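Asker: Task: produce atomic coordinates for the following.
(chains A, B, C and D)
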Protein chains: 4
Amino acid sequence: MDFGFDATTNRYRERLLEFMDECVYPAEHAFHEQAAQMRATQRGWGPPPMLEDLKTEARSRGLWNLFLPGEKGAGLNNLQYAPLAEIMGRSPAIAPPATNCAAPDTGNMEVLAEFGSEWQRKEYLEPLLAGEIRSAFAMTEPDVASSDATNIATSIRRDGGEYVVNGRKWFITGAMNPDCRVFIVMGKTDPEAPKHRQQSMVLVPRDAPGLTVRRGMTVFGYDDADHGGHAEVVFEDVRVPVDNLIGEEGGGFAIAQARLGPGRIHHCMRLIGMAERAVELMCRRVLTREAFGKPLARQGVIQDWIAESRVRIEQLRLLVLKTAWLMDTVGNKGAHTEIQAIKIAGPATVEWILDKAIQAHGAGGISQDFPLAALWAGARSLRFADGPDEVHKRSLAYRELKKYMR
Amino acid sequence: MDFGFDATTNRYRERLLEFMDECVYPAEHAFHEQAAQMRATQRGWGPPPMLEDLKTEARSRGLWNLFLPGEKGAGLNNLQYAPLAEIMGRSPAIAPPATNCAAPDTGNMEVLAEFGSEWQRKEYLEPLLAGEIRSAFAMTEPDVASSDATNIATSIRRDGGEYVVNGRKWFITGAMNPDCRVFIVMGKTDPEAPKHRQQSMVLVPRDAPGLTVRRGMTVFGYDDADHGGHAEVVFEDVRVPVDNLIGEEGGGFAIAQARLGPGRIHHCMRLIGMAERAVELMCRRVLTREAFGKPLARQGVIQDWIAESRVRIEQLRLLVLKTAWLMDTVGNKGAHTEIQAIKIAGPATVEWILDKAIQAHGAGGISQDFPLAALWAGARSLRFADGPDEVHKRSLAYRELKKYMR
Amino acid sequence: MDFGFDATTNRYRERLLEFMDECVYPAEHAFHEQAAQMRATQRGWGPPPMLEDLKTEARSRGLWNLFLPGEKGAGLNNLQYAPLAEIMGRSPAIAPPATNCAAPDTGNMEVLAEFGSEWQRKEYLEPLLAGEIRSAFAMTEPDVASSDATNIATSIRRDGGEYVVNGRKWFITGAMNPDCRVFIVMGKTDPEAPKHRQQSMVLVPRDAPGLTVRRGMTVFGYDDADHGGHAEVVFEDVRVPVDNLIGEEGGGFAIAQARLGPGRIHHCMRLIGMAERAVELMCRRVLTREAFGKPLARQGVIQDWIAESRVRIEQLRLLVLKTAWLMDTVGNKGAHTEIQAIKIAGPATVEWILDKAIQAHGAGGISQDFPLAALWAGARSLRFADGPDEVHKRSLAYRELKKYMR
Amino acid sequence: MDFGFDATTNRYRERLLEFMDECVYPAEHAFHEQAAQMRATQRGWGPPPMLEDLKTEARSRGLWNLFLPGEKGAGLNNLQYAPLAEIMGRSPAIAPPATNCAAPDTGNMEVLAEFGSEWQRKEYLEPLLAGEIRSAFAMTEPDVASSDATNIATSIRRDGGEYVVNGRKWFITGAMNPDCRVFIVMGKTDPEAPKHRQQSMVLVPRDAPGLTVRRGMTVFGYDDADHGGHAEVVFEDVRVPVDNLIGEEGGGFAIAQARLGPGRIHHCMRLIGMAERAVELMCRRVLTREAFGKPLARQGVIQDWIAESRVRIEQLRLLVLKTAWLMDTVGNKGAHTEIQAIKIAGPATVEWILDKAIQAHGAGGISQDFPLAALWAGARSLRFADGPDEVHKRSLAYRELKKYMR
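Answerer: Below is the predicted model:
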């Protein structure tokens, strides 16, 4: 047992920390100003133009596609990438897209790298890896409890050399980014097949006839326009060639499962970065703000928040890292309990910390003047992502109970 | 001891419940559509036009200025008005303004009715009571911990027959509503006076030279445009006649205190109405949504949320009603502990219930498709209003401890 | 709506408060010393001898059988008795038995007064009312989830002019008090009858052949010897005359239900008295104890505990009082939701407060030197009494959901 | 980074798990029966006789003094011993004393091994290592907030060739065990010295004239007689030779600090073992107990408890292990934050889990029929040990804040 980072990780951490200090944090104010202006002038969805410069800079520093194992990416395993995702999470609107490590593209690239055909990789994976286009992942549906992937109702019907897609999806993150060129769509190719063999995934170009991006869903009032929002998307007799099928018919559920593990680790590590940012902001604030004749930092209740935040972060981070290690050493299956555990613990823990940081900032904390309220909304929404916590607790409990049956 | 409503209250409750059923709930969808359109077309801040019809209707039903005791209003005491405020809270964007019972005008009208000069009442109270104009209350400042009113730094300097106002305020609710014509501004007329005699309140017309409404502050991602937002406002050498002083010089702190008590009861009762709405939405949702082969309503964890919500609401409501009764029978001073207690318990309790209702709705719960996320943001922001909970707990604890000091 | 006590209540409150100040609090130390000595010398179970003097004194002051409505008791309704139960709860080992208002006798006397035959009332109710004997209520069984009274498995079989009782009960409070002369035993007379008509209650004298008091169950290490402990009791072919049946065959469930309502109110009000005692002890302690150069009372975290305790107590008390009022005005059925709500909220709230008071006392708080740990164990055990909280939440939620079923 | 155990740890874990399965668990029932009988017959304090056989067995299996690094013990470092302490914690009344790894002897042996003179080691360390005698650590005092070691008021005055000890201590664990032969006593040798140089530690034989073991303090209702209770001890002019000084005069504070780090790890790992035991008991119970027509295991609320327990345990364990690793690699100082963090997180987390396991057991859970209530009392009392959580949070927060002070 050894709790130190290896040399590769340390090297990347240093490089990334430098990039954060020199390029990301200094850009935050202007980034949000540009985003606000775009919104005010209704120039629409998508990132502020300055993002392109940051991407160029990151790439030149060797900070590109860090999430992707193998030759196409930086070649890091989960345990090596996790601490980098944490650092990116400290500025989650900028650092991940600047390094081409932003969801949902990361998961989509993994899927294409692992399951995509040669043609699919050439057509979509290459430009995604190059940061030239973005993509979306269309799974969640408004009319069913999507926590159970087998509920997905969108139909993908074979018709000659084409698939015909019909259905309604929502909370499709990034779909309104003008750079978003392709959707990975999950749907049913065979409703009569066994439960876990009914779904397939197909690539649907964004400009396919019949595909309508209807509106952006808000998350506690935020439209998240700067990363393409969260769209409601309708598919009406959308036709794509059969070559657009990813993997095999009936393989959708398995691909979705494979996509989940690393995604949870990325999410949770970014959350931890957000929590660290919040603790820093909280400490700085309470050291400089006075009330009733002394700095807030000397109020016992606020000290309690700070200490609890530290204690909870340390525990959570270790569990996420261990999960990454398990995935690297025994695979998704062997890490099942831990993958669920971090999904349960991560958002709830970080939401709590962000709430305290907000409270320490007074009214400013809930406004646009600090990143805290937006970070909170992000953390809160993750209590639903990939299914609500409650579903995961049920399943985890069941596995625990099974140890003691018969 | 008697826990039943009196006849007057019951009569008003019936009338108001009818109005909610016949006019308010049916208008909600269109109201939010109009508001969204106004935002999309940048027609600016302020309520959707349909509000005027609702006001006319409410007034014709004798549901007008219910909050105001005495001849000018409905003549109800706090204990009689409280259950009506709860009912209004079930649709908090519509029912309070439709019945001319919306903050901050309610508090402002109370101030003018109790402390205003004849001229002030004619000029401002009359049109406010008639629902012809709106008003704002400018107290909170970005640069000081406004939880302690004695911190207020805005300067109100006498210069001949005028007062000159200089300072910066923020989170001035309703200030961007085009109908908002006047601000009650709290500031220091005499920084050398004893601590509680330094502040005064003056009426500042919205179009006074030197007054700039700089921007709307967001609450989480909400701009609350439909009720005039929460503005940052700058006063630069703004001049008003000395007749605009409310009450006497140095009386600002006392007026602020007098304004607080009923305001807290209104806030807390509306919160309870929001909580009841949330429980109703949660119940309806879980009865109709299926997952894993049965309605969500049969999941034990969700039953637990519903039961806890009911248990907490019942307790909270009784405390708010008792506080109203104390204010009516022994006055603000005698109800001090209870007024603080409801400020502490109200937002936290209702925030918890809203969170659970959101969780029961899945991703929809955090979006614009249900009122829950917006209600949550409102409840959360009340954990700061009139000072953060922590300040009130300190003060309440001190009073408790004093019982045992020799 | 009126939150003031009526004249009768105020008169009894004053009298009882005087008794507490003059007789109960001053006796506490000696009472616990006597109890400890009895334990050390194995003189066995039962109250310290000094209790008899306190009973005589209470009776002479007109503080006797206050719980019992009607001519036989003080004639108070639930709303009038509730505030007196709260006061008694401040010294729960002494005040209730001293005034002949201690569980389980209170419930047993109510049952006999309402359902007992003339003979039963003469034989058992009279001496109970006179404080000459004690009694026990034997319902909970170790082998079934007794939260559902229909699970009770003890058999009460008719055999000629006798009933034959067979079964095992535990946590039979007071059973080892040598003054305890009779058990009210719940069991099945007809396992084939409809679910709520299977049970009956019979009176079993403590010296009946076949009845064995096997051992005392502990509650977090406490044997509660001074009020007769919590016994495991075995019934092996215990025979009683048919005249010992209370009410009618099959009426056991209904009697148990009738017994519950007032019992919950008594429990919850005593809990509130315990909480008030805890807050007082906590305040006194932190005002006099110094750490890190200032009294603990000036630590923000401790102030937070005190304030939260006050806020929670005020809410809880009002709900219990309203429940009492509902029982008096609309009966058990109409107060169903509230009776469950106080069962859920009471023990949990008071347990929380006691935990904080303990923490404020340091190691002393968990020891015999302060009453807090023992009070805590009592409050904690009430999270099971009459069924675990979870069962009551389920049932309460179901009633809430029913409002919205078609 | 590597989350696997090393070979040595694995070897010891296997051996210890075998011992638990073959000797410890099977002995539990008889152990508690013997202890109960000893209490009933007032044969006094101390372990049941059968413990000696278990010690012999453990020793023969090479499971002896595992906690002690270096040649005298098993030679394991903290990271290697920690997982063994966890396993012992599953049966905390038996496994630690059976393997001579029980507090407070472990800490005392460490002190003697590191700071003791040759004479002291021969006289006391040798028989302690051999399991022939037990010892106590006398630090906590009833009259001061002992959380700050500098408050300790007991006087250790030099008088010629002797030290004279005067003072009062309480919660001196193990002091009433007849095998306990020596106390390490903390007191002030020089009240005028700088704050952290005032205290010293001396060895006081239990039979020294002037030393009175006055009474056993209870923890909730438990006297913990089987491991020697928690005594109040009075020192009146107790004289010991100057050779009984441990280390140097004024070195008491430093020794106490050195003793703390490993002690916290042991406590926390045993707590985790207790939590694992509780989860196992909870699972087994709910799988076999039916209510309302299905096993409790199928109740959502109980599944939630099980899942949360697992999620919390996994996080906590990793933090304790990391702390052990830090202590081994960078020492006590470098692990300061983590040592405090586990002290804060450990007892609170495990108390929560035990509470849920108790609730799942119904009334039995709080009784002597399951180990849960006693384990709970132990965990709860650790929220005070080495100072209340609140003191540690303050200190941890201060260190966090310091990062941001210029």
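Asker: How about the stretch 51-200 of chain A: which residue is closest to chain B?
Answerer: Closest residue of the stretch 51-200 of chain A to chain B, C-beta to the nearest C-beta: residue A:145 (3.9 Å). All C-beta atoms are positioned from the backbone trio N, CA, C, and that covers glycine.
Asker: how far away is that residue from residue C:405?
Answerer: Computed as C-beta to C-beta, to the nearest Å, the residue A:145 to residue C:405 distance reads 20 Å.
Asker: same deal with residue A:85?
Answerer: Distance from residue A:85 to residue C:405, counting by C-beta to C-beta: 46 Å.
Asker: quick one: which of these two has more around it?
Answerer: Comparing residue A:85 with residue C:405 by other C-beta atoms under 10 Å in any protein chain shown, the one with more neighbours is residue A:85, at 30 against 10.
Asker: wait, isn't the more buried one in contact with residue A:76?
Answerer: No: in this structure residue A:85 lies outside contact range of residue A:76 using C-beta atoms under 8 Å: 10.3 Å.
Asker: who touches both of these two?
Answerer: Jointly contacting residue A:85 and residue A:76 under the rule C-beta atoms under 8 Å, 6 or more residues apart in numbering or on different chains are residue A:67.
Asker: if we can go back for a sec, show me the contacts for the residue of the stretch 51-200 of chain A closest to chain B.
Answerer: A:151, B:289-291, B:296, B:362.
Asker: Including secondary structure, could those residues go into JSON lines?
Answerer: Putting the contacts of residue A:145 into JSON lines (DSSP: H, G, I helix; E, B strand; the rest coil) gives the following:
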{"residue": "A:151", "secondary structure": "helix"}
{"residue": "B:289", "secondary structure": "coil"}
{"residue": "B:290", "secondary structure": "strand"}
{"residue": "B:291", "secondary structure": "strand"}
{"residue": "B:296", "secondary structure": "helix"}
{"residue": "B:362", "secondary structure": "helix"}
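Asker: now for these, which pair is the farthest apart?
Answerer: A:151 and B:296 (13.1 Å; C-beta to C-beta).
Asker: of these two, who's got more company?
Answerer: Of the pair residue A:151 and residue B:296, residue B:296 is the one with more neighbours under other C-beta under 10 Å, namely 22 against 14.
Asker: And the more buried one, how far from residue B:283?
Answerer: Counting by C-beta to C-beta - residue B:296 and residue B:283 are separated by 10 Å.
Asker: Tell me where the model's unsure across chain A.
Answerer: For chain A, residues meeting the criterion pLDDT under 70 lie at A:42-43.
Asker: Please, where are all the strands along it?
Answerer: A:134-138, A:155-159, A:162-173, A:180-188, A:199-205, A:211-216, A:230-241, A:245-246, A:290-291, A:294-295 (DSSP state E).
Asker: Save those as JSON lines, and put in mean neighbour count and distance to residue B:255 too.
Answerer: Below are these laid out as JSON lines (neighbours: other C-beta atoms under 10 Å in any protein chain shown; distance: least, C-beta to C-beta, whole Å):
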{"stretch": "strand A:134-138", "mean neighbour count": "27", "distance to residue B:255": "55"}
{"stretch": "strand A:155-159", "mean neighbour count": "16", "distance to residue B:255": "65"}
{"stretch": "strand A:162-173", "mean neighbour count": "22", "distance to residue B:255": "48"}
{"stretch": "strand A:180-188", "mean neighbour count": "25", "distance to residue B:255": "55"}
{"stretch": "strand A:199-205", "mean neighbour count": "24", "distance to residue B:255": "63"}
{"stretch": "strand A:211-216", "mean neighbour count": "18", "distance to residue B:255": "44"}
{"stretch": "strand A:230-241", "mean neighbour count": "19", "distance to residue B:255": "46"}
{"stretch": "strand A:245-246", "mean neighbour count": "22", "distance to residue B:255": "68"}
{"stretch": "strand A:290-291", "mean neighbour count": "18", "distance to residue B:255": "22"}
{"stretch": "strand A:294-295", "mean neighbour count": "12", "distance to residue B:255": "28"}
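Asker: Nearest to chain C among the ones you listed would be which one?
Answerer: Comparing those against chain C with C-beta to the nearest C-beta, the closest turns out to be strand A:294-295 (10.9 Å).
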